[in-house]
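> Output the structure for:
(4 chains)
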There are 2 protein chains.
Amino acid sequence: MSDRRQEILDAALAIADEKGLSSVTMRAVAERVGVTPMALYPHVRDKDGLLDGMLGRLLGRLRLDIHGDWRERLGVLAHAMRALAREHPGATALLFARPTVSPDAVRVVDAIYTALLEAGVPAADVPRIERLASTLILGFAVSEASGRFGTGTLNQRAGRGRLPEGDLPGHHALAETLDADVDWSAEFEADLADITTLIESYARHPPYVP
Amino acid sequence: MSDRRQEILDAALAIADEKGLSSVTMRAVAERVGVTPMALYPHVRDKDGLLDGMLGRLLGRLRLDIHGDWRERLGVLAHAMRALAREHPGATALLFARPTVSPDAVRVVDAIYTALLEAGVPAADVPRIERLASTLILGFAVSEASGRFGTGTLNQRAGRGRLPEGDLPGHHALAETLDADVDWSAEFEADLADITTLIESYARHPPYVP
DNA sequence: CGTTGGTGATCTACGTTGTATAGATCTACA
DNA sequence: TGTAGATCTATACAACGTAGATCACCAACG
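Here you go, the predicted model:
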């Protein structure tokens, strides 16, 4: 991890945040670093390598030296992940686009493993619950950043009016609720609480203590 | 929705399934349809329009005229979604990549709304629970199709060995569990059961009846 | 019958992308 | 001073999305 590589990845992240992921081209990154496009290749190998590196650098920013009981640690981690996604909406799309192999990602997974073990989740269930929780949290973050929530579901009355009402009994019955604005932070909090409840329901005694 | 448009979208889906999403180029699709690249534009407007159309066509394949109680309907829907994702792994990546505005997507959401209402979930909670459930199910499908599960988390011993053991206490404690193969169908079933339990915990009486 | 208008396909061309290849430049140590 | 290695540059090419102009068809009307 030379300085130059970090510099390149940070430049790519900055471009993604400012002008979207599709504006991250080898030429644009190179210009930002102050170098010719071909000079990037020894450091990132590929365009795909660049994208993977960006994702790795993103996850590397997550601070894992957190303390408190498992509930606190999980909460802090989840909030940090969402904050990261809102800070870097462009790069967030990569979370579900590319398999995550970086050591940083593994460390995050490990932090969740230990939290679940401490909560008393049986070892046989821990990997699945970790995948469930991270899929949900990452999915929420990506959906929020990409606009999958919000505009896509005809929540607003104007959009809903375009379809025949008889075809959408559910939307019809929920009309008032759907017209209200959504507090995404509150929704994230509620989802997190649901995950915590789910974990508790799997907890057995005695819990694992490291 | 002319015949030609469907033909184009199906050709694009076929290419994505066979050779990956990055092989879906205007030229490749055109060749498959037996036409020049520019002939596609009146039908799909854009490359982005083509991708959106592919996603719409994918969701349009979901059969929604299902019966039984809410549990059955939700289960059938979830299984259909996963089957679709496994049938079209290339196009599945689009689920989290682009906001879903197609009428077909709205119909799917509506089917979940009515199931949740029938289950007795209060109207105020229905939209959030729908987002939670669909995020989890879609996230699972996308993760499975893209390889985010499986190769990325150093589940296999060979990968784990590359990192110092002291840094990964969770992985260390779960060594035996992580070395076993994962039955993804069983995991999907278990996740679905967890979602169902969550829904039941929100249910109040009397339930909504259409 | 000839003309006309509109729809869709085509042909050509331009700018941008990722990257292979070969050469230039700098640094550090003998 | 010279030489090896690492780093950056210059040039080039194939493939991409798509703008613009043109052309082939075919139904409808006088």
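
> C-alpha only now, for contacts and for neighbours.
Noted.

> Tell me, how many residues neighbour A:D181?
A:D181: 10 surrounding residues under other C-alpha atoms under 10 Å in any protein chain shown.

> Also the one 10 residues further on?
As a burial measure, A:D191 scores 20 neighbours (other C-alpha under 10 Å).

> which residues touch whichever helix or strand it is part of?
For A:D191, the host element (DSSP states H and E) is helix A:184-202. Applying C-alpha atoms under 8 Å, 6 or more residues apart in numbering or on different chains, the external contacts of helix A:184-202 come out as A:71, A:75, A:78, A:116, A:119-122, A:129, A:133, A:140, B:128, B:132, B:194, B:198.

> Contact partners for A:A91?
A:13, A:16-17, A:21, A:54-55, A:58, A:85.

> mind redoing it with 10 Å?
For A:A91, the contact set (C-alpha atoms under 10 Å, 6 or more residues apart in numbering or on different chains) comprises A:12-17, A:20-21, A:24, A:51, A:54-55, A:58, A:84-85, A:142, A:145.

> pull the longest helix from chain A.
helix A:126-146 (DSSP state H).

> Next, the angle from it to helix A:184-202.
For helix A:126-146 against helix A:184-202, the angle by axes from the mean of the first three to the mean of the last three C-alpha atoms, to 10 degrees is 170 degrees.

> any bit of helix A:126-146 sitting next to chain B?
Yes - contact of helix A:126-146 with chain B (C-alpha under 10 Å from any C-alpha of the partner chain) involves A:126-129, A:131-140, A:142-143, A:146.

> for A:T25, phi and psi?
phi -110, psi 160 (degrees, to the nearest 10).

> ok, now A:L62?
Note on A:L62: its backbone torsions stand at phi -70, psi 130 [degrees, to the nearest 10].

> how far is the helix holding A:D191 from where the chain is centred?
Distance, stretch centre to chain centre, for helix A:184-202: 16 Å (C-alpha atoms, centre = their mean, to the nearest Å).

> the bottom helix or strand of chain A by mean pLDDT?
helix A:157-160 (a mean of 51; mean pLDDT, DSSP states H and E).

> Could you give me the buried positions within the helix or strand just after it?
On the C-terminal side of helix A:157-160, the closest following helix or strand by DSSP H and E is helix A:169-173. Residues of helix A:169-173 classed as buried: A:169-171, A:173 (neighbour count, 16 or more other C-alpha atoms under 10 Å in any protein chain shown).

> And stretch A:123-138, by the same measure?
By neighbour count on 16+ other C-alpha under 10 Å, the buried set for stretch A:123-138 is A:123, A:126-138.

> Show me the subset of the buried residues of helix A:169-173 that also lies near DNA strand C.
When C-alpha under 7 Å from any atom of the strand is applied, no member of these is adjacent to DNA strand C.

> Distance across stretch A:177-184, terminal residue to terminal residue?
Terminal residues of stretch A:177-184 are spaced 15 Å apart (C-alpha to C-alpha, to the nearest Å).

> Okay, buried residues for it please.
A:177-178.

> now swap in stretch A:17-29 and tell me
Buried residues in stretch A:17-29, counted by 16+ other C-alpha under 10 Å: A:17, A:21, A:23-26, A:28-29.

> who touches the residue nearest to the spatial centre of chain A in this structure?
By C-alpha atoms, centre = their mean, chain A has its centre lying nearest to A:L138, at 3.4 Å. Neighbouring residues of A:L138 by C-alpha under 10 Å, 6+ apart: A:78, A:81-82, A:85, A:92-93, A:95-96, A:144, B:135-136, B:139.

> between these, which is closest to DNA strand C?
Nearest to DNA strand C out of the contacts of A:L138 is A:A93 (C-alpha to the nearest atom of the strand; 16.1 Å).

> Quick check: closest non-adjacent residue to the closest one.
Leaving aside its sequence neighbours, A:A93 sits nearest to A:V142 (C-alpha to C-alpha, 6 or more residues apart in numbering or on different chains; 6.0 Å).

> Chain A against DNA strand D: which residues are in contact?
Residues of chain A lying near DNA strand D by C-alpha under 7 Å from any atom of the strand: A:4, A:34-40, A:42.

> With secondary structure, distance to A:R63 and pLDDT added, can I get those in TSV?
Formatted as TSV, the residues of chain A next to DNA strand D follow (DSSP: H, G, I helix; E, B strand; the rest coil; distance: C-alpha to C-alpha, whole Å; pLDDT from 0 to 100):
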residue	secondary structure	distance to A:R63	pLDDT
A:R4	helix	23	91
A:G34	coil	30	94
A:V35	coil	31	95
A:T36	coil	33	95
A:P37	helix	32	96
A:M38	helix	33	96
A:A39	helix	31	96
A:L40	helix	28	96
A:P42	helix	29	94
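
> nearest to DNA strand C, of the contacts of helix A:184-202?
A:F140 (27.5 Å).

> Neighbours of that closest one, how many?
Using other C-alpha under 10 Å, A:F140 has 25 neighbouring residues.

> Once you drop chain neighbours, what's closest to it?
Leaving out its chain neighbours, the residue that sits closest to A:F140 by C-alpha to C-alpha, 6+ apart is B:T135, at 6.8 Å.

> Kindly report the same for A:V121.
Among residues not flanking A:V121 along the chain, A:A203 sits closest, at 4.4 Å (C-alpha to C-alpha, 6+ apart).
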